[in-house]
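S.K.: Here's a sequence, model it:
(one chain, ligands or ions: 1)
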Amino acid sequence: MSKVGVIMGSTSDMPVMEKAIEVLKGFDIEVEVDIVSAHRTPEKLFDYAKNAHIKGIKVIIAGAGGAAHLPGMVASLSPLPVIGVPVKSRNSIDGWDSVLSILQMPGGVPVATVALDGALNAGILAAQIIGASDSCVLDKILVYKEGLKQKVIEGAKQIKK
Ligand SMILES: Nc1c(C(=O)O)ncn1[C@@H]1O[C@H](COP(=O)(O)O)[C@@H](O)[C@H]1O
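M.R.: Numbering: from 1, shown residues only. As a prediction, the model looks like this:
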């Protein structure tokens, strides 16, 4: 079974990051959650990023706020696709600090960056990456997309009443 690693710089990021965990579980994808900080636990970061693919993780979602170096550092050490979630932390400069430090990666070390606090989309994107080679997950994504469509159609019907 494919596994997604969801890591974040601090427990304070959990209210944002739990949206990724929730949506992945909804697709019946195994999730391994951990707190890893490039700044506060650099040795743990190195160990995590070097070994995630050996432990069966297929995609890593990394969320952090402020000087958010976690996703980029993980991407520099791991062969896995890394999705970065800029978290709008308490002392942030309107979240721009998180966004820019995750988005502006140097060539050769990509981080697929989602919107500020965009953990839901990070979870869906991770599921789609897994779904590209797992037809069970792909089917669930098709159902999810159909649900989105029906919600819009229902909403449009309601306003016409
Ligand atoms: N950006 C990073 C990193 C890192 O990039 O390694 N480690 C923690 N942090 C961030 O610091 C913010 C405040 O953390 P605290 O709430 O623990 O003070 C969090 O949003 C966390 O992601």
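S.K.: So what's the model's average confidence on the longest strand along the chain?
M.R.: For the chain, the longest strand by residue count, based on DSSP state E, is strand 57-65. The average of the pLDDT scores along strand 57-65 is 98.
S.K.: As a check, name the ranges of all helices in the protein.
M.R.: Per DSSP state H, the chain carries helices over the ranges 14-26, 42-51, 70-77, 96-103, 119-131, 135-160.
S.K.: is any part of the longest strand of the chain close to the ligand?
M.R.: Yes. Residues of strand 57-65 contacting the ligand under C-beta under 6 Å from any ligand atom: Ala64, Gly65. C-betas here are computed from N, CA, C, even on glycine.
S.K.: Can you tell me the strand partners of that strand and which way each runs?
M.R.: Here strand 57-65 is paired, per DSSP bridges, with strand 3-8 (parallel), strand 82-87 (parallel).
S.K.: that older thread, could you redo the helices of the chain as JSON lines and give each row distance to Val87 and mean pLDDT?
M.R.: Listed next are these as JSON lines, based on distance: least, C-beta to C-beta, whole Å; pLDDT from 0 to 100:
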{"stretch": "helix 14-26", "distance to Val87": "5", "mean pLDDT": "98"}
{"stretch": "helix 42-51", "distance to Val87": "17", "mean pLDDT": "98"}
{"stretch": "helix 70-77", "distance to Val87": "10", "mean pLDDT": "98"}
{"stretch": "helix 96-103", "distance to Val87": "6", "mean pLDDT": "96"}
{"stretch": "helix 119-131", "distance to Val87": "8", "mean pLDDT": "98"}
{"stretch": "helix 135-160", "distance to Val87": "24", "mean pLDDT": "96"}
